[in-house]
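S.K.: Quick one, fold the following:
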Amino acid sequence: MRKLRRQISLFDTYQNVVTTMEEDKMKFFRLVDENINWDELIPDSFWYKFYQSIGRKRKYPLEGFMKALLIQCVFGYTTDKQLLNTLKYSREMREFCGFTQVPDADKITRFKQNFCDEHEKLFHILVDKTEDICKELDAELSDCLIFDSTGIESYVTENNSKFMSGKLKQAKSIAKSDPNFDPYKGVYSLLPPTSSVNPDVKQQYINGHFCYAMRTGIVTNGLGIIRHIDMLDGDFKSRHPDMPVEKRSDDPDIDKEIGDSTALKPILSDFFELHPKLSYSTFLGDSAFDSYDNYSMLMKDFHFDKAVIPLNLRNSSKVLSSDFDGFGRPRCPIDGTPFICLGKSGGKNRSARFKWVCHNSLQVGSKRFCACDTPCTDSPYGRCVYTYPDENLRLYPGLPRESDEWDYLYKKRVAAERSINYFKNTLILGNRKTFNSQTTKADLLLAGITQLLTVLIAHSISDTKNFRKVRSLIS
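M.R.: Prediction:
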């Protein structure tokens, strides 16, 4: 007998489509739902402040706002309108956020501004939660702390190319009446110190160009994972009234250097106050931090064992003597070649010191012999010199300058610059169209939260290759 074929109804087709959509749920949404517990991460104060009585019931859940802003960072929506339009046409995205309807743009803005302090608390909770994960990934690099500063360019008139062209034209008109006036250098003095719409948006010289931006301090570990964020705005300055904030020269490079160096102590003080259980052995920074006071502060006040900071030529007028080179290395009295450092020594009752030996000496078994044709000492061991870091922390900041270890560690400083670039380009922080301080700070914190959530998810699914790359993680 001929078998009857079952006719597929429209309802069956619809059910099949729904089932397929559920099974093929976007990988990013699935990873977040399976590996992120918002109830544990979001601090109680955030829940209370969000749901406290406002005269009516909240239409949009707190967790939903956080998920929506996470989507904005991950998928690179530079404007809130792009995010809201995507939510409007994506039922799957609305269900992921728990929205029955799409919120207005002003609600997104108010959420960022009104709860900026709570975003900061959530960020610091994630810093503590990811510390042990970073140590598992690389114990040596996670023991390094890197500080760098950057500027988040704001959406203001002063950043318009027409504004800068107008100032250059003004400088050229001055040069016509004053032949000694260089218009390309003089235009710096014609620029206003701050934006007309927000005093926190200041004139800066970043990556070779003038712009108006909000100054930000970024602290990462050697892996490039964010550890601390601070906007160097009015609130920061009021917390640290002793920090110099005025311009001291007409040179933009020197102004930037002064800002980095003076911000170092306040930034680290805030970081270790918020995370008293965290400690690091190595500090990495650029030559902007090269000052005698900074070495003492880093190694004595903050208890770093090593401060890997290259020497700044402006601070190098003083030398020990003709027996030492500019890096504090003893030199051969005959040909001037630097000695070789055998490492750091010093016991319980002896000061820490570095041992330097002649570059012509050779290690044979357990003994060392000098193979120099014209020895400068009668000792068969060869000339030996000791230097004491406590006498000059700048020249001997816990390890010999220009050594293999020094070169290896200093190369890792680029991790902070890569993290800043990742925030600005991948997580769209550098393309946001806002000039409000609170909104910019919230966007910065949300970028940091996104990176740290990526670390948590990568650890949960044992994907150690993509702990810094959220888009590779979800591809």
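S.K.: Next SSE downstream of the least confident helix or strand in the chain by mean pLDDT?
M.R.: Of all the helices and strands that make up the chain, helix 10-23 has the lowest average by mean pLDDT, DSSP states H and E, namely a mean of 47. Following the chain from helix 10-23 toward its C-terminal end, the next helix or strand by DSSP states H and E is helix 27-35.
S.K.: Just after that next one, pick out the following helix or strand.
M.R.: Following the chain from helix 27-35 toward its C-terminal end, the next helix or strand by DSSP H and E is helix 38-41.
S.K.: other SSEs contacting that next one?
M.R.: Taking 3 or more Cβ pairs under 8 Å, 6 or more residues apart in numbering; DSSP states H and E as contact, the helices and strands that helix 38-41 lies on are helix 116-137. Any C-beta I mention is one placed from the backbone N, CA and C, and that applies to glycine too.
S.K.: what about 10 Å?
M.R.: With contacts defined as 3 or more Cβ pairs under 10 Å, 6 or more residues apart in numbering; DSSP states H and E, the packing partners of helix 38-41 are helix 62-75, helix 116-137, helix 437-460.
S.K.: Compare the ones you listed and report which one is nearest to Arg91.
M.R.: Of all the helices and strands packed on helix 38-41, the one in closest proximity to Arg91, counting by Cβ to Cβ, is helix 62-75 (14.1 Å).
S.K.: Next, the angle from the closest one to helix 27-35.
M.R.: Orientation note: helix 62-75 sits at an angle of 140 degrees relative to helix 27-35 (axes from the mean of the first three to the mean of the last three Cα atoms, to 10 degrees).
S.K.: distance between the following helix or strand past helix 62-75 and the chain's centre?
M.R.: Of the helices and strands lying after helix 62-75 in sequence (DSSP H and E), the nearest is helix 80-89. In terms of Cα atoms, centre = their mean, to the nearest Å, the gap separating the centre of helix 80-89 from the centre of its chain is 29 Å.
S.K.: before we move on, what about stretch 198-210?
M.R.: Using Cα atoms, centre = their mean, the distance from the centre of stretch 198-210 to the centre of the chain it belongs to is 18 Å.
S.K.: Ends of it, what's the gap?
M.R.: By Cα to Cα, to the nearest Å, the extent of stretch 198-210 from end to end equals 17 Å.
S.K.: State the mean pLDDT of that stretch.
M.R.: The average of the pLDDT scores along stretch 198-210 is 83.
S.K.: quick one: buried residues of it?
M.R.: Judged by neighbour count using 16 or more other Cβ atoms under 10 Å, the buried positions of stretch 198-210 are Asn198, Asp200, Val201, Lys202, Gln203, Gln204, Tyr205, Ile206, Phe210.
S.K.: Can you name the two of those that sit furthest apart?
M.R.: Looking at these by Cβ to Cβ, the two members farthest from one another are Asn198 and Tyr205, with 18.7 Å of separation.
S.K.: Relative to Tyr408, how far out is Pro397?
M.R.: Note on Pro397: its distance to Tyr408, by Cβ to Cβ, to the nearest Å, is 15 Å.
S.K.: Neighbour count: those two, which is higher?
M.R.: More neighbours surround Pro397 than the other of Pro397 and Tyr408, with 25 against 11 (other Cβ atoms under 10 Å).
S.K.: what's the neighbour count on the closest residue in space to that one that isn't next to it in sequence?
M.R.: In this structure, Pro397 finds its nearest non-sequential neighbour in Ala307, 4.0 Å apart by Cβ to Cβ, 6 or more residues apart in numbering. Here the neighbour count serves as a burial measure; for Ala307 (other Cβ under 10 Å) it reads 23.
S.K.: so which helix or strand takes in Ala307?
M.R.: strand 306-308.
S.K.: now for that strand, which elements pack on it?
M.R.: Helices and strands in packing contact with strand 306-308 are listed as strand 144-153, strand 282-284, helix 292-296, helix 404-411; criterion 3+ Cβ pairs under 10 Å, 6+ apart.
S.K.: Return the distance of the shortest one from the chain's centre.
M.R.: It refers to strand 282-284. In terms of Cα atoms, centre = their mean, the centre of strand 282-284 is found 13 Å from the chain centre.
S.K.: Can you give the contact residues for that strand?
M.R.: Taking contacts as Cβ atoms under 10 Å, 6 or more residues apart in numbering, the residues outside strand 282-284 that touch it are 140-141, 143-148, 220-222, 264, 268, 289, 294-295, 298-299, 302, 304-309, 397-399, 405, 409-416.
S.K.: Next: the third one.
M.R.: Contacts of helix 292-296 from elsewhere in the structure, counted by Cβ under 10 Å, 6+ apart, are 261-262, 264-265, 283, 285, 288-289, 304, 307, 309, 315, 318, 389-390, 392-398.
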